[in-house]
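> Take a look and give me a structure for this.
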Amino acid sequence: MERGLASLAPGGRYCEIGKRDILENSQLDMKTFLENKSFLSCQIDIRLQQDHDGVQYTLEQVVRLFEERKLNPIPKTVFHIADYLEAFRTMAKGQHIGKVVFEIGEYVPDKFELHGDILHEKATYLVTGAFGGIGQALVRWMQKMGAKHLVMVSRSEAKSAAAHRTLEFLKRKGVEIYTFAADVSDYDSIQRILDQLNSSDIPPLRGVFHLAGVVDETLLPDLTPEQFDIVMRCKAESAYHLHELTKEEQLDIFLLMSSVTTLRGQSSQPAYCAANAALDALAEYRHKIGLPALSLQMGAVRGAGYLEGRADTIKVLESQGFCTLHINEVTEFLGRLLNGYTKPVVCFANQDWTAAANFTHRTNLKFCHLMDDASLNKADSQVSLEDLENMVKQKLSQMIFQSPEDIDITKPMIDYGVDSLMAAEMVTWASKELGVTISQLDILGGISTSVLLEKAVEKNVVLPLMES
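Model (predicted):
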């Protein structure tokens, strides 16, 4: 900004359309205004809010000036999107005039299709745990997907205001609802429900959605057989009863709501993990014998269910790597799965696997390929100082177009022409490849390559093992 003002002739006008200098409260040398120069700030987004019609009029005048050839577009240099590295290097040199533009070529976005008609009007669908938060969200989604006959089973009937609102919503949409208060872990209770449905004049049962379950936050050493039995009966044993009692039916869907905790473990919920593992095994078995089955290993969900209104619990889960999904994301993904996906067990979760690694056994390498490269443990090979120096020199040489041999690691990077754009690239690279946190200000302030190497050594950097 200061250089721009200095380049003006006396009486010139400088119009700032950017925000960085303003937001950073940058200082101006006031003496420059002795030459009758003007400094103007034009923030189009803010002016649109304050004077929409005025902005529209101004833009129309600008367009007219272009049409009359009184104004001409600024020069541009075009790169194909595949050559983005070369484009950034050209910008970094600062020798181009005008704008650098990417040419993407012909691009047709994927057609988005709403997954309607997954469920059918002339079919009945049974949902357990139907009056829980996720159950209510699911039945609303099922109505949207075409369901007109829903059997809603829960240990207790609709008692909450939210449950009554859900029932009223479904009725307004023309859905026939059949509610049952039953313990789904009891074989006879499920048998009575199915017998009653079969003797009624309703469409045949075509789908089972098993959401019922109990979470017990008890560590394994403190877990009693009674606690374990409650969790297993409600989630796993009830699923097996549903399997036994419907295996002769012509089902299209047999959905079991499992959990990502089964995939990665959760020390505070051993019984819950075991119960969900049983669901996964049942889905695998049904798939093997030719019956429909899908066990969805779902991650932490916000917007409905257990975590709704529990901000402290969400924070704890996120610290352990369990980031949340919104219930709308879950139902949208479920629609895709039910529209022809054939695998019996699917995990759908928003996981920070690097954070999760801190809560699993250190020898567990199951998810190391999903972790940040810089966070891989000592199973990789240790890097020598010489290796690090070669890595950093190689990266710097690519940016400044000099031979690595010509780089003096004791010199500040800015002495080699590293600007703010290159500094941003170096910051990202150092974080990803070396696990080192530096800022653009560090580099632009004169940090040398040797200091970066010292930081990397302190971090005890490792490199992935190379394939032979």
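> domains in this protein, as residue ranges please.
By the record's domain assignment, the chain is partitioned as 73-105, 124-370, 381-463 (automatic domain parsing).
> Deepest in the core, which of those is it.
Among the domains of the chain, ranked by average contacts under mean count of other Cβ atoms under 10 Å, first place goes to domain 124-370 (a mean of 18). Heads up, the C-betas are built off the backbone N, CA and C, glycines and all.
> sorry, back to before: dump the domains of the chain to CSV, plus distance to Arg47 and mean pLDDT.
Shown next, in CSV, are those (distance: least, Cβ to Cβ, whole Å; pLDDT from 0 to 100):
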stretch, distance to Arg47, mean pLDDT
domain 73-105, 22, 86
domain 124-370, 35, 86
domain 381-463, 27, 74
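> Can you add distance to Asp45 and give those back as CSV?
Below are the domains of the chain laid out as CSV (distance: least, Cβ to Cβ, whole Å):
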stretch, distance to Asp45
domain 73-105, 20
domain 124-370, 28
domain 381-463, 23
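> so which of the ones you listed gets nearest Gly18?
domain 381-463 (13.2 Å; Cβ to Cβ).
> isn't Ser397 right up against Ile407?
Yes - Ser397 is within contact range of Ile407, at 6.3 Å (criterion: Cβ atoms under 8 Å).
> and the gap between Phe131 and Ser185?
Distance of Phe131 to Ser185, computed by Cβ to Cβ, to the nearest Å: 17 Å.
> again but with Val451, I slipped
With distances taken as Cβ to Cβ, Val451 is found 63 Å from Ser185.
> Met399 too?
In this view, Met399 and Ser185 are 63 Å apart by Cβ to Cβ.
> tell me the contacts of the residue nearest to the spatial centre of the chain?
Geometric centre of the chain, nearest residue: Asn350, 5.7 Å, by Cα atoms, centre = their mean. Neighbouring residues of Asn350 by Cβ atoms under 8 Å, 6 or more residues apart in numbering: Gly299, Ala300, Cys323, Thr324, Leu325.
> can you pull the contacts of the fourth one?
Spelled out, that is Thr324. Thr324 is in contact with Gly299, Ala300, Val301, Arg302, Leu307, Ile314, Leu317, Glu318, Asn350, counting by Cβ under 8 Å, 6+ apart.
> cool, the last one as well?
With contact set as Cβ under 8 Å, 6+ apart, Leu325 has these partners: Met298, Gly299, Ala300, Val301, Arg302, Phe348, Ala349, Asn350.
> what do you get for Ala275?
When contacts are counted by Cβ under 8 Å, 6+ apart, Ala275 touches Gly213, Val231, Met232, Cys234, Lys235, Ala236.
> leaving aside the residues next to it on the chain, what's closest to the second one?
Yep, that's Val231 we're talking about. Ala271 (3.9 Å; Cβ to Cβ, 6 or more residues apart in numbering).
> Touching, that neighbour and Pro225? I think so.
No - using Cβ under 8 Å, Ala271 makes no contact with Pro225, being 10.2 Å away.
> Using CSV, list the CA coordinates for the helix or strand containing Leu396.
In the assignment (DSSP states H and E), Leu396 maps to helix 385-400. The C-alpha trace of helix 385-400 is given here as CSV (Å, rounded to 0.1, in the frame of the first residue of the first chain):
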residue,chain,number,x,y,z
LEU,A,385,20.1,-34.4,10.0
GLU,A,386,21.7,-34.8,6.6
ASP,A,387,18.4,-36.3,5.2
LEU,A,388,16.5,-33.3,6.6
GLU,A,389,18.9,-30.8,5.1
ASN,A,390,18.5,-32.4,1.7
MET,A,391,14.7,-32.4,2.0
VAL,A,392,14.5,-28.8,2.9
LYS,A,393,17.1,-27.7,0.3
GLN,A,394,15.2,-29.7,-2.4
LYS,A,395,11.9,-28.1,-1.5
LEU,A,396,13.4,-24.6,-1.4
SER,A,397,15.2,-25.1,-4.7
GLN,A,398,11.9,-26.1,-6.4
MET,A,399,10.4,-22.8,-5.3
ILE,A,400,13.3,-20.5,-6.2
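> next one: the helix or strand following it to chain centre, how far?
Next helix or strand after helix 385-400 toward the C-terminus (DSSP H and E): helix 420-429. Relative to the mean C-alpha coordinate of its chain, helix 420-429 is positioned 25 Å out (Cα atoms, centre = their mean, to the nearest Å).
> If you count contacts, what does helix 420-429 end up packed against?
helix 84-93, helix 385-400, helix 440-444 (3 or more Cβ pairs under 8 Å, 6 or more residues apart in numbering; DSSP states H and E).
> between those, which gets nearest to Gly174?
Among those, the nearest to Gly174 by Cβ to Cβ is helix 84-93 (52.5 Å).
> if we can go back for a sec, among the contacts of Asn350, which ones are in strands?
Judged by DSSP state E, strands contain the following of the contacts of Asn350: Cys323, Leu325.
> could the helices and strands packed on helix 420-429 go into JSON lines alongside distance to Ser26?
Shown next, in JSON lines, are those (distance: least, Cβ to Cβ, whole Å):
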{"stretch": "helix 84-93", "distance to Ser26": "22"}
{"stretch": "helix 385-400", "distance to Ser26": "26"}
{"stretch": "helix 440-444", "distance to Ser26": "14"}
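> To His241, which of these lies closest?
So among the helices and strands packed on helix 420-429, helix 84-93 is nearest, using Cβ to Cβ, at 56.9 Å.
> From the contact counts, what lies against that closest one?
Using 3+ Cβ pairs under 8 Å, 6+ apart as the contact definition, the elements that helix 84-93 packs against are strand 76-80, strand 99-103, helix 420-429.
> quick one: which of the contacts of Asn350 is nearest Tyr178?
The closest of the contacts of Asn350 to Tyr178 turns out to be Leu325 (Cβ to Cβ; 29.9 Å).
> Quick check: chain neighbours aside, which residue is closest to Trp184?
Check again: residue 184 is Val, not Trp. Distances taken as Cβ to Cβ, 6+ apart put Ser238 closest to Val184, at 4.0 Å, once the chain neighbours are dropped.
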